[in-house]
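Asks: Got a sequence here, can you model it:
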Amino acid sequence: MSEAPRLSPHARLRHDAARGQWVLLAPERVLVLDETSHAILALLDGTRDVAAIAAQLAAEYDAPAEEIAADVAAVLDDLRAQGLVRP
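Replies: Here you go, the predicted model:
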């Protein structure tokens, strides 16, 4: 996966003060994000590819890049299937 993923035009990453959590807003849905999903989505800018996102997170969390890359790919694949992330 060498594309630089980004949020779909209709999806918005927002902090929900009422919930005290980060959420992904889309038409008629709100996905409450865990820490991992938020960390990944916060790095989606349409210029970083999956490897760059994984490398940055691996450095920040002092974790193996291969493990992080698998987690990043899984989260993005799931959100892509829901139409919330574009390659």
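Asks: which residues in this structure form helices?
Replies: 35-42, 50-61, 65-81 (DSSP state H).
Asks: Let's test this: what are the backbone torsions at the residue in the chain sticking out farthest from the centre?
Replies: Relative to the centre of the chain, the most outlying C-alpha is that of A18, 21.6 Å out, by C-alpha atoms, centre = their mean. Here is the backbone geometry of A18 (degrees, to the nearest 10): phi -60, psi -40.
Asks: Distance-wise, check it relative to V32.
Replies: 11 Å (C-beta to C-beta, to the nearest Å). To be clear about C-beta, it is placed using only N, CA and C from the backbone, and glycine gets the same treatment.
Asks: again, but for A11
Replies: For A11 relative to V32 (C-beta to C-beta), the value is 14 Å.
Asks: Looking at the two, which one has more neighbours?
Replies: For A11 versus V32, neighbours defined as other C-beta atoms under 10 Å are more numerous around A11 (21 against 12).
Asks: my read: the more buried one touches L25, true?
Replies: Yes: if you go by C-beta atoms under 8 Å, A11 and L25 touch, sitting 6.8 Å apart.
Asks: which intervals of the chain have sub-threshold pLDDT?
Replies: Within the chain, the stretches with pLDDT under 70 are 1-2.
Asks: Nearest residue to the residue nearest in space to the middle of it in space, ignoring adjacent ones along the chain?
Replies: The centroid of the chain falls nearest to L41 when counting by C-alpha atoms, centre = their mean (2.6 Å). Excluding the flanking residues, the one nearest L41 by C-beta to C-beta, 6 or more residues apart in numbering is L13, at 5.3 Å.
Asks: Could you do V85 as well?
Replies: L79 (4.2 Å).
Asks: quick one on the thing from earlier: what distance do you get for the residue farthest from the centre of the chain to H10?
Replies: A18 is 22 Å from H10, by C-beta to C-beta.
Asks: Name all residues that make contact with Q21.
Replies: With contact taken as C-beta atoms under 8 Å, 6 or more residues apart in numbering, Q21 is in contact with H15, V32, L33.
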